[in-house]
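# next input, structure requested:
(one chain, ligands or ions: 1)
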Amino acid sequence: MSTKNEQLFAQARKHIPGGVNSPVRAFAGVGGTPIFMHRASGSKIYDTEDNGYIDYVGSWGPMILGHAHPKVIDAVKKAADDGLSFGTPTPFETTVADKICEIVPSVEMIRMTNSGTEATMSAIRLARGYTGRDKIVKFEGCYHGHSDSLLVKAGSGMLDIGEPTSKGVPADFAKHTITIPYNDPQAIKDCFEKWGDEIACVILEPIAGNMNMVVPTQAFHDTLRAECTANDAVLIFDEVMTGFRVGLGGAQAHFGIDPDLTCFGKIIGAGLPVGAFGGKEKIMSCIAPLGGVYQAGTLSGNPLAMRAGIAMFEDLTVAGFYDELSAKVDKLISGFQAAADKHGINLRTNNVGGMFGMFFVKDCDTTVPQNFNDVTQCDMEAFNTFFHGMLDRGIYLAPSAYEAGFMSIKHSDADIDASIKAADEIFAEMAT
Ligand code: PLP
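Numbering: from 1, shown residues only. Modelled structure (predicted):
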């Protein structure tokens, strides 16, 4: 680790809590010092001494076209020349809204926000306003941003009311949030049987990317859709991560589910701060100024973010884009798997579209994790060894065993081959 990087981290810690503006960047789970980056291009990010790293984080998802994509950068430069924010409607917002509604049929109307957190928080308020109910249901291991109602875990008993996962969240808020196990159809049925007509909404990551990457069963999704419909509860897909990432139509197209509301973020702003929530017109019409559910934002629909998003959608909608991206991810993940098998490392993997998960399970009989409990049983030390081994070889993975990996269309065969070779070396060392 370079002295310069150590110095930058010490300097950052003086006035920034923990030296970071978002906790996962601090390397708390994997140990060591976070690397300070200063530029990025294509598949790579560069530290302050200009060492390049093949990047499998992609700013936690948005950089699906690769870093500093010329078309996106050009759109942002042009937008900047025209002024940064007007506080009025712009035609660019309408173009992005039209594009999303065209690609994602469940979305009939959409409102822009500045982050994924704002999108999920607003969708929940809307669901509560629409139904006139207070309780919300979420799943263990899913992350939906840092609003009060969502920083809640299951209470001590199954189907108990929730407990805050962060100091500062009043227990009075948490009591309206019910947290149940992911990927468990029976838990959904039990929950609706108990709380039925009190539930405003169920929110979930339709493919979970915040407990590494867990792909639920079709039965889980079908049960959830049926129970929400039968109980007049709003089904909210949080596609902040999976939207335009696991495929053009997101996880809802993958599973063939028609959610009532969907939250977006990350990719739709191509790397600028953005979020959005949308869905059925009859629900979305309850938002101010049409209806009585208040939601707003000084910079919402910001022209830079919108024009970056428009440029990005041009590439995403080219036929074959997601086939090419998936083929890259398949190649990487099957290479990792083959290397692990060769050295007797108990690696399990998941991948859909441009997203992947890697689990170091503790013995050879364990299958790929199906829920949060399974993920917590994985060998975190093995992950940390792998993470640091890759970092030392110039490959940047998410600094936590609970995060998914992301690839861009700019990752080359050479990047993939170098990554597999590095993994093979590390697995050989781990096996001895
Ligand atoms: N929802 C999901 C599924 C996420 O992965 C995230 C962030 O990683 C959020 C919501 C929150 O988005 P943001 O960090 O933009 O507030």
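
# so the protein: which segments form each domain?
The chain resolves into domains spanning 3-68+320-431, 70-316 when parsed by automatic domain parsing.

# which of the ones you listed is buried the deepest?
Among the domains of the chain, domain 70-316 has the highest mean neighbour count (mean count of other C-beta atoms under 10 Å), at a mean of 20. C-beta here means a position set from N, CA and C on the backbone, and glycine is covered the same way.

# ends of that one, how far apart?
Using C-alpha to C-alpha, to the nearest Å, the end-to-end distance of domain 70-316 comes to 15 Å.

# let me see the contact set for Asn350.
Asn212, Met213, Val214, Val215, Phe356, Gly357, Val368 (C-beta atoms under 8 Å, 6 or more residues apart in numbering).

# same check on Gln337?
Each residue near Gln337 by C-beta under 8 Å, 6+ apart is listed here: Leu347, Thr349.

# so Ala28, which state does it fall into?
Recorded secondary structure, Ala28: coil (DSSP: H, G, I helix; E, B strand; the rest coil).

# number the residues from 33 up from this point.
I'll keep to 33 as the first residue from here, and by that count the last item is Ala60.

# mind checking pLDDT for it?
What the model reports as pLDDT for Ala60 is 92.

# could you report the separation of it from Tyr88?
Note on Ala60: its distance to Tyr88, by C-beta to C-beta, to the nearest Å, is 19 Å.

# likewise Lys110?
30 Å.

# so the residue of the stretch 183-332 of the chain found nearest the ligand is in which element?
Minimum separation of the stretch 183-332 of the chain from the ligand (C-beta to the nearest ligand atom) falls at Val272, amounting to 3.5 Å. Under the criterion DSSP states H and E, no helix or strand holds Val272.

# now for the closest residue to Ser198 other than its chain neighbours: which residues touch it?
Leaving aside its sequence neighbours, Ser198 sits nearest to Leu183 (C-beta to C-beta, 6 or more residues apart in numbering; 4.4 Å). Going by C-beta under 8 Å, 6+ apart, Leu183 touches Pro196, Thr197, Ser198, Val201.

# phi first, then psi, for the third one.
Ser198 has phi and psi values of phi -130, psi 140 when expressed as degrees, to the nearest 10.

# what does Ala112 give?
Dihedral angles of Ala112 (phi, psi; degrees, to the nearest 10) stand at phi -60, psi -40.

# now it: closest residue in space that isn't a chain neighbour?
Leu336 (6.4 Å).

# does the one you found belong to a helix or a strand, and which?
According to DSSP H and E, Leu336 maps onto helix 335-348.

# is the ligand within reach of that helix?
No - judged by C-beta under 6 Å from any ligand atom, helix 335-348 and the ligand are separated, with a smallest distance of 11.8 Å.

# mind listing what the residue lying closest to Ile300 once chain neighbours are set aside touches?
Computed as C-beta to C-beta, 6+ apart, the closest residue to Ile300 that is not its neighbour in sequence is Gly341, at 5.0 Å. If you count contacts by C-beta under 8 Å, 6+ apart, Gly341 has them with Val128, Lys131, Ile300, Gly301, Ala302, Leu304, Val306.

# export those residues to a markdown table and tack on pLDDT?
Shown next, in a markdown table, are those (pLDDT from 0 to 100):
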| residue | pLDDT |
| --- | --- |
| Val128 | 98 |
| Lys131 | 98 |
| Ile300 | 97 |
| Gly301 | 96 |
| Ala302 | 96 |
| Leu304 | 97 |
| Val306 | 97 |
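
# need the max-distance pair from these.
Largest separation among these by C-beta to C-beta: Lys131 and Leu304, giving 15.9 Å.

# the spatially most central residue of the chain and Glu225: what is the separation?
The centre of the chain sits closest to Met273, judged by C-alpha atoms, centre = their mean, with a distance of 2.9 Å. In this view, Met273 and Glu225 are 30 Å apart by C-beta to C-beta.

# how about Pro202?
Pro202 sits at a distance of 28 Å from Glu225 (criterion: C-beta to C-beta).

# how about the helices in the stretch 283-432 of the chain?
313-316, 335-348, 353-374, 404-408, 412-424 (DSSP state H, counting those that start in this stretch).

# dump those helices into CSV; add mean pLDDT and distance to Ile156 as well.
Formatted as CSV, those follow (pLDDT from 0 to 100; distance: least, C-beta to C-beta, whole Å):
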stretch, mean pLDDT, distance to Ile156
helix 313-316, 98, 12
helix 335-348, 98, 23
helix 353-374, 98, 30
helix 404-408, 96, 21
helix 412-424, 97, 31
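
# interface residues of the stretch 283-432 of the chain facing the ligand?
Within the stretch 283-432 of the chain, the positions lying close to the ligand (C-beta under 6 Å from any ligand atom) are Gly297, Gly307.

# out of the helices of the stretch 283-432 of the chain, the one nearest Asp216 is which?
helix 404-408 (10.2 Å).

# model confidence for the closest residue to the ligand within the chain, exactly?
Per C-beta to the nearest ligand atom, Gly148 is where the chain lies closest to the ligand, at 2.2 Å. At Gly148, the pLDDT value in this model is 98.

# for the stretch 33-182 of the chain, just list every one of the helices.
35-47, 102-113, 123-135, 148-163.

# now do the longest one: distance to the chain's middle.
Relative to the mean C-alpha coordinate of its chain, helix 148-163 is positioned 18 Å out (C-alpha atoms, centre = their mean, to the nearest Å).

# let's have the helices of the stretch 283-432 of the chain in a markdown table, adding distance to Asp106.
Shown next, in a markdown table, are the helices of the stretch 283-432 of the chain (distance: least, C-beta to C-beta, whole Å):
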| stretch | distance to Asp106 |
| --- | --- |
| helix 313-316 | 33 |
| helix 335-348 | 7 |
| helix 353-374 | 19 |
| helix 404-408 | 41 |
| helix 412-424 | 32 |
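
# shaky segments in the stretch 183-332 of the chain?
Applying pLDDT under 70 to the stretch 183-332 of the chain flags the ranges 188-192.

# go again with 90.
Where the stretch 183-332 of the chain drops to pLDDT under 90, the residues are 184-196, 205.

# residue boundaries of the strands in it?
For the stretch 183-332 of the chain, strands defined by DSSP state E, counting those that start in this stretch occupy the ranges 184-185, 195-196, 209-212, 231-236, 266-270, 293-297, 307-311.

# what angle do the fourth one and helix 148-163 make?
Comparing the axes of strand 231-236 and helix 148-163 via axes from the mean of the first three to the mean of the last three C-alpha atoms, to 10 degrees yields an angle of 150 degrees.
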